[in-house]
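A.B. asks: Model the following, please.
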Amino acid sequence: MNIYNLKVLILACASILIPGMAFAQVDSAGTILKKATLQDVISYALKNKPLVQQSLIDEEIGERDIKSALSGWLPQVNGNGSLNHNLKQQTQILTTNGETSFLTFGGKNTSSVLLQADQQILNAGLIQASKTAKYFRQQYKQSTENNKINTVVDVSKAFYDILTGKEQLNIINENIARLEKQYKDANAQYEAGLVDKTDFQRAQISLSNAKADLKRTQELLKSKYAYLRELIGYTANKEFDLAYSEGELEKNMLIDTNQVVNYSGRVEYRLLQTQRELQRINTNYNKLSYLPSLAGFYNYGWNFQSQQFNDLYDRVFPSSVVGLKLSIPIFQGGKRTQEIKKSQLQEKRIDLDLVNTTNQINTQYESAMAIYKANLNDLTTSKANVEISRQVYNTIKLQYDEGIKTYLDLMTSETDLRTAQLNYLNALYSLLSSKLDVQQALGTITIN
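C.D. replies: Numbers count the residues shown, from 1 in each chain. Okay, the predicted model is just below:
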């Protein structure tokens, strides 16, 4: 093969392998979350969070358990073998015409191989396994759904918390910019002899406090990123950044407050309904335990006998049997009756759990909706306060520059503005968080 043909072959192989390699690099384990949106982060969490992955594994384990239980309907084939050396052979007494004689049975060396197949025809346990398979699958899927819903809520709150932290940094930086200008102006006025030293010192103190606040907020933001990484199962040493734009937090913050709770929309309620069905089937199983069990069997055996071990397997004596086995439960000390009554009581208990869960869902919804409405009112008030505080600050700043207001008045208005801005952010985060609580109470959280 010449060099040109070798290069062509290498390029052809690369064209086949590289796309597959590229795909392998963007799987869930290797995905880099850079400029990730909320939906990107949620999608990653639903694929990589250990708790969600464990739920999916539990589904697979449950499927294996179901198939293992149902395998009893298939023929059960077993083989047995034995090898015996009779140290003392069995002797039987025979009496013929009043005369007694002794007869020794069997060979001194015996061996046998038995192959038997059993087929269940009527079996209460297998009937129960067949009827419960559907509900056990449903139960595992509902448990996974519940974990996914909690993941969506927790991840969304953590995502909003980070965006709130970033907005706080913007506010603090804006505050620092104002304070630095005020510090320079106060310093210039002090050096010019227009004001005393206290204005300059107050400006210096305020600027130092603002920079310390900036450092504290930056460090807290790192911990918020670490918490979000933990929630979504994101490796600590991988690059991680979120998409951010002005007004991101204000999108989709409203919700219809006239919605009615649909209990079947709550996965917790549906889980209890599934448990009730399983318990009902268990009650029926205990009633079926009064029925007999019926199974068919077939076996074929190879028997070997010989007085000498060396020629034990020279001749075989086969045997074969086919038949039915019927087992009828007659009396078990009242155990079956007690098990039926116990299962019926457990059904009633689950019914009460459903009633209690219904009441809890109502309370959760009313509480979440009340908090949401209160937070919405707080947000409206905070937003108005920000605008008023900004107007007050701008007015006092002009008056201070003209010598009408004192520096203390300026610092007070600046503090009021910063406080109003931070209160607005906190109210906005609380509103978004309470909106998620309302959606979770309504059972409208989507996990797709």
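A.B. asks: drop to CA atoms for contacts and neighbour counts, all remaining ones
C.D. replies: Fine.
A.B. asks: how distant is the helix or strand hosting residue 189 from the center of its chain?
C.D. replies: Using DSSP states H and E, the secondary-structure element containing residue 189 is helix 124-191. With Cα atoms, centre = their mean, to the nearest Å as the basis, the distance from the averaged C-alpha position of helix 124-191 to the chain average is 16 Å.
A.B. asks: Against which helices or strands is that helix packed?
C.D. replies: If contacts are counted by 3 or more Cα pairs under 8 Å, 6 or more residues apart in numbering; DSSP states H and E, helix 124-191 sits against helix 38-48, helix 50-70, helix 197-232, helix 267-288, helix 407-442.
A.B. asks: Which stretch among these approaches residue 117 most closely?
C.D. replies: Closest approach to residue 117 among the helices and strands packed on helix 124-191 (Cα to Cα): helix 50-70, 17.0 Å.
A.B. asks: C-terminal to that closest one, what's the next element?
C.D. replies: Heading towards the C-terminus - elements assigned by DSSP H and E - helix 50-70 is followed by strand 76-85.
A.B. asks: Give the pairing partners of that following strand; include direction for each.
C.D. replies: For strand 76-85, sheet partners with direction are given as strand 109-122 (antiparallel), following DSSP bridges.
A.B. asks: so where's the chain shaky on pLDDT?
C.D. replies: Along the chain, segments meeting pLDDT under 70 span 1-30, 246-248.
A.B. asks: Tell me how far residue 56 lies from residue 213.
C.D. replies: The gap separating residue 56 from residue 213 is 44 Å, by Cα to Cα, to the nearest Å.
A.B. asks: Same check on residue 332?
C.D. replies: Residue 332 sits 76 Å away from residue 213, going by Cα to Cα.
A.B. asks: The helix holding residue 189 to helix 407-442, inter-axis angle?
C.D. replies: In terms of direction (axes from the mean of the first three to the mean of the last three Cα atoms, to 10 degrees), helix 124-191 departs from helix 407-442 by 170 degrees.
A.B. asks: how many other residues sit next to the nearest residue to residue 358 once chain neighbours are set aside?
C.D. replies: Nearest residue to residue 358, sequence neighbours excluded (Cα to Cα, 6 or more residues apart in numbering): residue 263, at 7.0 Å. Neighbourhood size, residue 263 [other Cα atoms under 10 Å]: 18.
A.B. asks: for residue 311, same thing?
C.D. replies: Under the criterion other Cα under 10 Å, the count of neighbours that residue 311 has is 12.
A.B. asks: Likewise for residue 398?
C.D. replies: Other residues near residue 398 come to 13 when the count uses other Cα under 10 Å.
A.B. asks: tell me what the helix or strand containing it is packed against?
C.D. replies: Here residue 398 is covered by helix 335-401, with elements defined by DSSP H and E. Helices and strands in packing contact with helix 335-401 are listed as helix 267-288, helix 407-442; criterion 3+ Cα pairs under 8 Å, 6+ apart.
A.B. asks: Single out the most deeply packed of these.
C.D. replies: When neighbours are counted by mean count of other Cα atoms under 10 Å, the highest per-stretch mean among these falls to helix 407-442, a mean of 21.
A.B. asks: other SSEs contacting that one?
C.D. replies: Checking 3+ Cα pairs under 8 Å, 6+ apart, helix 407-442 ends up next to helix 124-191, helix 335-401.
A.B. asks: mind putting those in CSV, distance to residue 99 included?
C.D. replies: Compiled in CSV, these are given as follows (distance: least, Cα to Cα, whole Å):
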stretch, distance to residue 99
helix 124-191, 56
helix 335-401, 56
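A.B. asks: Residue 326: which of those helices is closest?
C.D. replies: Per Cα to Cα, nearest to residue 326 of these: helix 124-191, 13.1 Å.
A.B. asks: my read: residue 396 touches residue 409, true?
C.D. replies: Yes: with contact defined as Cα atoms under 8 Å, residue 396 reaches residue 409; the gap is 7.3 Å.
A.B. asks: Next, give phi and psi for residue 103.
C.D. replies: Main-chain dihedrals, residue 103, degrees, to the nearest 10: phi -130, psi 130.
A.B. asks: I figured it hits residue 93, correct?
C.D. replies: Yes: Residue 103 sits in contact with residue 93 when judged by Cα under 8 Å, with a separation of 6.4 Å.
A.B. asks: Give the buried residues for stretch 372-388.
C.D. replies: Residues of stretch 372-388 classed as buried: 372, 373, 375, 376, 378, 379, 382, 383, 385, 386 (neighbour count, 16 or more other Cα atoms under 10 Å).
A.B. asks: mind checking how far that stretch is from the chain centre?
C.D. replies: With Cα atoms, centre = their mean as the basis, the mean position of stretch 372-388 lies at 35 Å from the chain mean.
A.B. asks: Just the CA trace of it, in CSV.
C.D. replies: Coordinates of each C-alpha in stretch 372-388 appear next as CSV, following Å, rounded to 0.1, in the frame of the first residue of the first chain:
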residue,chain,number,x,y,z
TYR,A,372,-47.9,34.1,46.9
LYS,A,373,-50.5,36.9,47.1
ALA,A,374,-48.7,38.5,50.0
ASN,A,375,-45.4,38.3,48.1
LEU,A,376,-47.0,39.8,45.0
ASN,A,377,-48.3,42.7,47.1
ASP,A,378,-44.8,43.1,48.7
LEU,A,379,-43.2,43.1,45.2
THR,A,380,-45.6,45.8,44.0
THR,A,381,-44.9,47.9,47.1
SER,A,382,-41.1,47.4,46.8
LYS,A,383,-41.1,48.3,43.2
ALA,A,384,-42.9,51.6,43.9
ASN,A,385,-40.5,52.2,46.8
VAL,A,386,-37.5,51.8,44.6
GLU,A,387,-38.7,54.5,42.2
ILE,A,388,-39.6,56.9,45.0
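A.B. asks: Alright, calling it a day.
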